[in-house]
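1. just to be clear, the model below is a prediction. Sequence and coordinates:
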Amino acid sequence: MTNRINADIFPRRLRLKPGRSLATFTVTVINESSQFAAFQLELLAPGYTTDQNRKWYSTEPRVSAKKPPGDRTVFSVSILEAPIPGFVGRLELIVRVFSLEFQDEARRPVSIDIEPGESYLILELPAPRLQVYPRNLIKIPVRVYNPRREVSDVSLNLIGVDGTWLPEGAYQRLVMPAGQQAMVHFLCQPPNPALAPCADYPFTVEAMPTDGLLTTADGILEMLPAGFIEFSCDRKQQQIPKKRKFFITWKSEPVTYKLQLENTSNLWQEIELKLEGQDQKRCKADLVPDNLILDPAEKSDVDLVVHKKRPWLGLARRLLLEAEIHLKDTTNINSQVVPNPKAQLLELKVLPIIPLWLQAAAALLLLLLLWLWLNQTPPRHLDPVTTVQLSGDAGTVMSGSRDQTIRRWRVNEDKLEYAGKLADTGKAVRVIRYRPVANNVVAAGLENGEIQFWDILSSKKLRTLSYKKDDRVFGLDFTQDSRYVYSGHGSGRVLEWNLEVGKTKPTRQIYVNFAVYAIALSEKLDERILIISGRYNQLAIWDLRSNRVYQVKYQHLAPEATPETEGKPQQSYVTPISGQNNYIESIATSGSTLATADNQGYITLWNLAERSCLGSAAKLKDKSHAKGKNKSNDKNCEIPILNQWNNGHQGKPVRSVALTSNGCYLASTGDDGRVMLWTLTTSGKRIPENSENATARREIIVDSLDTRLNSVDVMILQNNILVTNDDYDNRIRFNRISEKGLNPYCQ
């Protein structure tokens, strides 16, 4: 079998005199395999074993980058000393070239003539550059190796570092057996930052055997920036005027805050002062100076002069100002120089020109409290949440509510942070959907029949579509190219809107004989269908390419077998299922899988790919649709049911279902207050109850609350399942579940 590694050595004969010169050669490795591969070298010497733990040679690089077929890597090899301590003469070495990508290896011989060396020690600093903060204790490691054939008495001395920094001294003595190595440490503890400026401190370690030559190794002790910028203020509370007057006084003289800065770090600092705080814009303030440079141990004063016009009426006004310091030197990522504290909170009390006893204090206080209440933005909806949806990148969750607002929530790791109100819609929000292209627009279906489109970045309303007033919008869905949007209404109308042409009227519409509660698009290369559900447990399909509508037969199958019912006769169907108070509340599609949920507690999975629409449904005409008279054919469209169950939410109504884009997971929620995650197979069925895979989970209770829940959404991102839903106090909840080992039946 052909070797997939080719290696060439130059030169093949070397000469080494320990203590005076190194023996170097190059190895050129060619990748003759058909795949990318990385290569390594190993030198083998007779009589040397790896447990001796001696570094007698080095390679550069240690490991090559992965090379394509036919490419080459040049290794530079340096022999530092004899592999066998004290050996003199010729040694035959073997260069072993190997790769972790396959089992092949190449072996090449090289000869080395070793001459008698000096009487020396090998001294090495494993970490030639050490970093330390003032007052921190650090060990300076030194590795000593005795290559001689006799025991050596060695004196070690550390020079170049202040002796007061070395708690155990700068001198050590040790006895080195022949051919052995030892690791010793010098303890170093720099003093406080004022006595240890930020700089590089070169040092040298000397090793002197009693009967040999001096050996040295050089290193650097890098003192990192550390310490504080002390920030203080003498009088943090002042008022205008400086003295309270019983009668009217017109003066509004400025006040001056004395700020003190002291650099107690070990590095000069360029400092910028800024005025922040909630009331900074309500007054005029000057910092003199606003930028200064402080050397270590240097102090400086800064004057903050504040001007504020006094009001004629009202209560005494309390302004909060924040003087904040910023350190401009951010080049050193290891810097531990910090302000102490970062800011000073200053209070300025501004008295009215007319004293308080002349005013109706109670009325003015009430107005102030009312103003504060009107201007606050609550981090929750004021009425129940009706709809939630994750953005395409899972960075944001949008929610709509009966309180006539759309609010956004930012995803931060495993929790949601309130990110403010996107829109005041003017009517209760029934459904929201992100526009698929760019995810920068949200469409909202409202109680009054309007469809509003809001720009996420600017929070501006882009347009409004409306066909019939007060015809509530319960369902919305975009096509994947965002050219069309479909809306389902409480009257039974389903409308198609062309968003490109800018028309304000629907381009197509149909009328079904039930109130529409949910719609969902299913798009493939050769078809585009809209699934419609609603009252009387009705389910219909609008084939958008042929413009035909089919009625789908909806039925409740017998419940799934359990250990208690195994072998017992079961009723084939549960009836009735089409009463006027029965609704298919929610539907979702992914590929050829359709999921439906009704208020009798049933979740059903269907296979759209094997549907059989019998009979010829009436082809719809735009004119008849406009009058709302055209209905679907009496013939049913048969869709195979993959699974159906009603024990997931304890038999209570299921209000919302959502599928991941790959169809591997189904999320559901309802009146029992639970959020469930169901694992599905590639064919769209639930995982077998007695799965052979021990890690597979058939179902997961994601959340459990003591209240009815209305909406849920789910998606997969980077091997995590993200689930969002509403909760009991009109907020939004978020859960992240690892997909690892959860569903081996769907990839």
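-> Yep, that arrived. Numbers count the residues shown, from 1 in each chain.
2. would you map the strands across the stretch 151-300 of the chain?
-> For the stretch 151-300 of the chain, the strands defined by DSSP state E, counting those that start in this stretch occupy 152-159, 171-176, 181-188, 200-209, 215-223, 226-233, 237-240, 255-263, 269-276, 284-288, 291-294, 299-307.
3. which one of those strands lies closest to W56?
-> strand 181-188 (11.1 Å; C-beta to C-beta). Placement of C-beta: from N, CA and C, glycine included.
4. report the angle between that closest one and strand 152-159.
-> 30 degrees (axes from the mean of the first three to the mean of the last three C-alpha atoms, to 10 degrees).
5. partners of strand 181-188 in the sheet?
-> Strand 181-188 has its sheet partners listed here by DSSP bridges as strand 138-145 (antiparallel).
6. which positions within the strand it pairs with qualify as buried?
-> I138, I140, V142, V144, Y145 (16 or more other C-beta atoms under 10 Å).
7. could you dump these into JSON lines and include pLDDT?
-> Formatted as JSON lines, the buried residues of strand 138-145 follow (pLDDT from 0 to 100):
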{"residue": "I138", "pLDDT": "94"}
{"residue": "I140", "pLDDT": "94"}
{"residue": "V142", "pLDDT": "93"}
{"residue": "V144", "pLDDT": "90"}
{"residue": "Y145", "pLDDT": "85"}
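8. what segments of the stretch 601-747 of the chain are helices?
-> 622-626 (DSSP state H, counting those that start in this stretch).
9. one more: the stretch 251-400 of the chain?
-> Under DSSP H, counting those that start in this stretch, the stretch 251-400 of the chain gives helices at 361-374.
10. poorly predicted segments of it, please.
-> Filtered on pLDDT under 70, the stretch 251-400 of the chain yields the residue ranges 251, 312-314, 329-333, 353-363, 374-378.
11. can you get me a residue count around the closest residue to T504 other than its chain neighbours?
-> Distances taken as C-beta to C-beta, 6 or more residues apart in numbering place L465 nearest to T504, at 6.5 Å, with adjacent residues excluded. Neighbours of L465 under the rule other C-beta atoms under 10 Å: 21.
12. look up phi and psi at L465.
-> phi -110, psi 140 (degrees, to the nearest 10).
13. right, and the strands of the stretch 151-300 of the chain - which one's nearest S661?
-> Nearest to S661, of those and by C-beta to C-beta, is strand 269-276 at 44.2 Å.
14. quick one: strands adjacent to that closest one?
-> strand 291-294 (antiparallel), strand 317-327 (antiparallel).
15. quick one: contacts for L320?
-> G277, Q278, D279, L345, L346, E347 (C-beta atoms under 8 Å, 6 or more residues apart in numbering).
16. and W454, by the same measure?
-> Contacts of W454 by C-beta under 8 Å, 6+ apart are I406, L422, A423, V441, V442, A443, A444, K460, K461, L462.
17. one step back: any idea what the residue nearest to T504 is bridged to?
-> Applying DSSP bridges, one finds that L465 bridges with I451.
18. same check on E322?
-> E276, L345.
19. what about it, neighbour count?
-> 16.
20. touching, it and A285? I think so.
-> No: the pair E322 / A285 is not scored as a contact, 10.9 Å apart, by C-beta atoms under 8 Å.
21. show me the common contact partners of those two, please.
-> L275.
22. ranking the strands paired with strand 269-276 by burial, who's on top?
-> strand 317-327 (a mean of 17; mean count of other C-beta atoms under 10 Å).
23. between that strand and strand 226-233, how many degrees?
-> 160 degrees.
24. narrow the contacts of W454 to just the buried residues.
-> For these, buried by 16+ other C-beta under 10 Å: I406, L422, A423, V441, V442, A443, A444.
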